[in-house]
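**Student:** my questions are about this predicted structure, shown below with the sequence.
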Amino acid sequence: MSAFYAFLQAAPNNGDGQIAQIARTFGVDWTHLGAQIISFGIVCLVLYKFAYGPILAMLEERRRQIALGLANAEKIKAELDRTEALRREVMAKAYAQAAQSVEEGRTAGARVLEQETQRAAAAAEQIINKAHEAAAVDHDRMLAELKREVGRLVVQATASVTGKILTPEDQRRLAEATTKQVVM
Amino acid sequence: MISNKQAKREAKQLFRLCRVESLLDENRVRQVVQQVNAGSHRNYRAILDEFLRMVKLDCAKHAATVESATTLSAEMQAATEASLKRVYGPGLTTSFSDRPSLIGGMRIQVGSDVYDGTVEAGLAALEKRF
């Protein structure tokens, strides 16, 4: 097409007759050519209006959607990054809190262990003291019982012996002692 | 019907009437009992009960019981009786008895007073100390 126009521009240098001759040679009918150009333009306009327009609009829409998708993807990626950072931060905090809780638990456990140990020691000491007291009470009771029993045996033995060894003089002396009690 | 308090008061008056020189006269006691029984007093039973209680107390107060492990000689009995009369007055009635379980010594009881010099009492005190 461009070669044809170049040929047409070059034509005035060689004169109108030469161009007309060439047109005739190639069978160019200017009327038909004009009509064809007009009809071609109309076709182009119709095509542009009803075919290329919607297709271009659709392509534009697709492009916009893709751009939007890409933007969304970027946004999602940023959001993901932010979420990841937040997650890391939360996890770090959680780890820190967990470590603190574990530490507090250990401290509390140690404290409770210490308290329970002290309490158990006190209870054990109390039990031992009570056992000692009970043993002492038992010892005293048994000692008292032994004393009573010894006393009873001594009295029994003395009673059985004294009656035999007291002379009439002893009896008189004892009676006089009682009489003296009355007078005193 | 007289009150118990009044019966006691009247019994006390009757008891005072029966005393001669701080000693209870047996004849007067008999007379009082007969008079009260024969009389038409409304509450003679309560008066008599109270009167008898007072007489019993007086008898116990003027009765001495002397227990000894062996029989006391006549001199010893006389000496004991004399000692008791010196302390408790001439109206005291003394009775002597033997009790071998006393082992040795003598035990005298006059009313609520007790003089215990027996070996049994000494051993009982010793046993208590154990």
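**Tutor:** Ah, there it is. Numbers count the residues shown, from 1 in each chain, chains lettered A, B, ... in the order given.
**Student:** low pLDDT regions in chain A?
**Tutor:** For chain A, applying pLDDT under 70 flags the ranges A:1-16.
**Student:** check the gap between the one residue sitting closest to the centre of it and chain B for me.
**Tutor:** When chain A is reduced to its mean C-alpha position, the nearest residue by Cα atoms, centre = their mean turns out to be residue A:94, at 5.6 Å. Distance of residue A:94 to chain B, computed by Cβ to the nearest Cβ, to the nearest Å: 81 Å. Yep, even glycine has a C-beta here, placed from its N, CA and C like the rest.
**Student:** who are the contact partners of that residue?
**Tutor:** Counting by Cβ atoms under 8 Å, 6 or more residues apart in numbering or on different chains, residue A:94 touches no other residue.
**Student:** for my notes, confirm residue B:114 occurs in a strand.
**Tutor:** Yes. The assignment for residue B:114, made by DSSP: H, G, I helix; E, B strand; the rest coil, places it in a strand.
**Student:** for chain A, what is the nearest residue in chain B?
**Tutor:** For chain B and chain A, the shortest gap (Cβ to the nearest Cβ) falls at residue B:130, measuring 2.5 Å.
**Student:** for whichever residue of chain A sits closest to chain B, pull up the helix or strand it's in.
**Tutor:** Nearest residue of chain A to chain B, counting by Cβ to the nearest Cβ: residue A:151, 2.5 Å away. In the assignment (DSSP states H and E), residue A:151 maps to helix A:53-165.
**Student:** just checking, the residue of chain A closest to chain B touches residue B:124?
**Tutor:** No. Taking Cβ atoms under 8 Å as the definition, residue A:151 is not a contact partner of residue B:124, at 10.6 Å.
**Student:** helices or strands next to the helix or strand of chain B with the lowest mean pLDDT in the packing?
**Tutor:** Least confident element among the helices and strands of chain B, by mean pLDDT, DSSP states H and E: strand B:23-24 (a mean of 80). Helices and strands touching strand B:23-24, by 3 or more Cβ pairs under 8 Å, 6 or more residues apart in numbering or on different chains; DSSP states H and E, are helix B:44-61.
**Student:** elements contacting the next helix or strand after the helix it packs on?
**Tutor:** Sequence order places strand B:63-68 as the next helix or strand after helix B:44-61, per DSSP H and E. Applying 3+ Cβ pairs under 8 Å, 6+ apart, one finds that strand B:63-68 contacts helix B:74-88, strand B:93-98, strand B:106-110.
**Student:** tell me the most buried of the ones you listed?
**Tutor:** Among the helices and strands packed on strand B:63-68, strand B:106-110 has the highest mean neighbour count (mean count of other Cβ atoms under 10 Å in any protein chain shown), at a mean of 22.
**Student:** so what does it touch, helix or strand wise?
**Tutor:** In this structure, strand B:106-110 packs against helix A:168-183, strand B:63-68, helix B:74-88, strand B:113-116, with contacts taken as 3+ Cβ pairs under 8 Å, 6+ apart.
**Student:** send the alpha carbons of the helix or strand containing residue A:42 over as CSV?
**Tutor:** In this assignment (DSSP H and E), residue A:42 forms part of helix A:30-47. The C-alpha coordinates for helix A:30-47 follow below in CSV (Å, rounded to 0.1, in the frame of the first residue of the first chain):
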residue,chain,number,x,y,z
TRP,A,30,-11.6,5.9,-9.6
THR,A,31,-15.3,5.8,-8.9
HIS,A,32,-15.2,2.2,-7.8
LEU,A,33,-12.1,2.9,-5.8
GLY,A,34,-13.8,5.8,-4.0
ALA,A,35,-16.9,3.7,-3.3
GLN,A,36,-14.8,0.9,-2.0
ILE,A,37,-12.8,3.2,0.2
ILE,A,38,-16.1,4.6,1.6
SER,A,39,-17.6,1.2,2.1
PHE,A,40,-14.3,0.0,3.6
GLY,A,41,-14.4,2.9,6.0
ILE,A,42,-18.0,2.2,6.9
VAL,A,43,-17.0,-1.4,7.5
CYS,A,44,-14.1,-0.3,9.6
LEU,A,45,-16.4,2.0,11.6
VAL,A,46,-19.0,-0.7,12.1
LEU,A,47,-16.3,-3.2,13.1
